[in-house]
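# Show me how the following folds:
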Amino acid sequence: MALPWKTLDQFITEDEGVLELRQRGKGDYLITVGSQVLMNSKAQRSEMALGKLGCQGLLQHPEPRVLVGGLGMAITLRAVLDALPDTAQVTVAELNPKIHEWCIGPLSELTEGAANDPRVTTEIVDVTTLIKKSGNENFDAIILDLYRGPHPQTDRLNDPIYGSRAIKHTYTALKPGGIFAVWGENPDSGFENRLSSGGFAVRCERPGKGGYRHAVWVAIKQPQ
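Sure thing, here's the model as predicted:
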C-alpha cells in the first residue's frame, strides 16, 4: 500500500501559483504547482541523460566551465558533476531561492549533496541574464533543464530562451566546439532548425526504452 504524500514546504510564486515539495518515503519526492506535477524523483532518466550528454568529453578537460539553467531536484546537476573533473567550475542559475533551499536540505539525499559540491556556485537569476553577460567563448557547456522546453508555439525570433536571437547569445557564450544541451517534453523540428541556422550541429536524443520519453537536444558549436 502506497504511503500518503506529506507536504514538506510550499510557497506562492508570482506566475504559477503554489509550489509544493512533497514526500511519501525515503527518496520519493514530488515538486508540484497547483495540481500539476513538475518533478518526480522516481522519473530521472531524461535529466540524467541531459547532464551526461551536455558534458560529454569534458572529464579530461583541465578546467571546464559549465552553466546549468534550472536546479529542480538537482538530478541534472548530479549527472553534470559526475561527468566533470574536480577542477571544473559549475554555475547554476535558479530563479527561486526556495528551490535551492530544498536542494541543499531535504532533497540532498537524492544527489549526494550536489548543490553543496565545492565546484558549484548557485546564482538566483534568470539563466538568460548570465548567458548575455558572460562574454565571448566563456563556457564549455550550457545545459538548460527548465520548467518548459521548446515547443511548436515558441516565438521563433523573440523567445528569450529558445528563439533565434537567444540562440545567437548562447552561440557567442560557448567556446569553439562547446555543447548546448536542452531538455524538452517532445521533439520540436522548429527548434532544431533554429539551432542549425544559428551555427550548431544538432541531434535530438530520446533517452530510455518504452513509455513516454522526453527529448534531449545536443547542439555542438561549429565555426562560422
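
# List the neighbouring strands of the one helix or strand in the chain whose mean pLDDT sits lowest plus their orientation.
Least confident helix or strand of the chain, by mean pLDDT, DSSP states H and E, is strand 36-40 with a mean of 89. For strand 36-40, the paired strands and their directions (DSSP bridges) read strand 29-33 (antiparallel).

# what mean pLDDT would you report for the strand it pairs with?
For strand 29-33, mean pLDDT is 93.

# Tell me how far the spatially most central residue of the chain lies from Glu63.
Against the mean C-alpha coordinate of the chain, by C-alpha atoms, centre = their mean, the closest residue is Asp145 at 2.1 Å. Remark: distance between Asp145 and Glu63 (C-beta to C-beta, to the nearest Å) = 23 Å. For glycine as for every other residue, the C-beta is placed from the backbone atoms N, C-alpha and C.

# what's the burial count for Ala215?
Using other C-beta atoms under 10 Å, Ala215 is surrounded by 21 other residues.

# separation between it and Arg203?
11 Å.

# Do me a favour and average the pLDDT over the lengthiest strand in the chain.
In the chain, taking DSSP state E as the definition, the longest strand is strand 174-184. The predicted model assigns strand 174-184 a mean pLDDT of 97.

# Now for the closest residue in space to Gly208 that isn't next to it in sequence, how many residues are close by?
In space, and not counting its chain neighbours, Gly208 is closest to Arg45: 4.7 Å by C-beta to C-beta, 6 or more residues apart in numbering. Other residues near Arg45 come to 15 when the count uses other C-beta under 10 Å.

# again, but for Leu71
26.

# tell me the contacts of it?
Leu77, Val92, Glu94, Ile99, His100, Cys103, Ala115, Thr122 (C-beta atoms under 8 Å, 6 or more residues apart in numbering).

# what are the phi and psi angles of the fifth one?
Looking back up the chat, that one is His100. phi -60, psi -40 (degrees, to the nearest 10).

# what does the fourth one give?
Summarising the backbone geometry of Ile99 under the convention degrees, to the nearest 10, its torsions are phi -60, psi -40.

# Could you list the domains of this structure?
1-41, 43-221 (automatic domain parsing).

# which residues touch Gln95?
Not quite, residue 95 is Leu, not Gln. Contacts of Leu95 by C-beta under 8 Å, 6+ apart are Ile124, Val125, Asp126.

# To clarify, my last question referred to Trp5.
Applying C-beta under 8 Å, 6+ apart, the residues contacting Trp5 are Arg22, Gln23, Arg24, Leu30.

# Send over the least confident helix or strand of the chain as CSV, restricted to the C-alpha atoms.
Once non-C-alpha atoms are left out, strand 36-40 reads as follows in CSV (Å, rounded to 0.1, in the frame of the first residue of the first chain):
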residue,chain,number,x,y,z
GLN,A,36,0.4,19.7,-11.8
VAL,A,37,3.5,17.6,-11.1
LEU,A,38,6.6,19.4,-12.2
MET,A,39,9.2,16.9,-11.0
ASN,A,40,9.2,13.3,-9.7
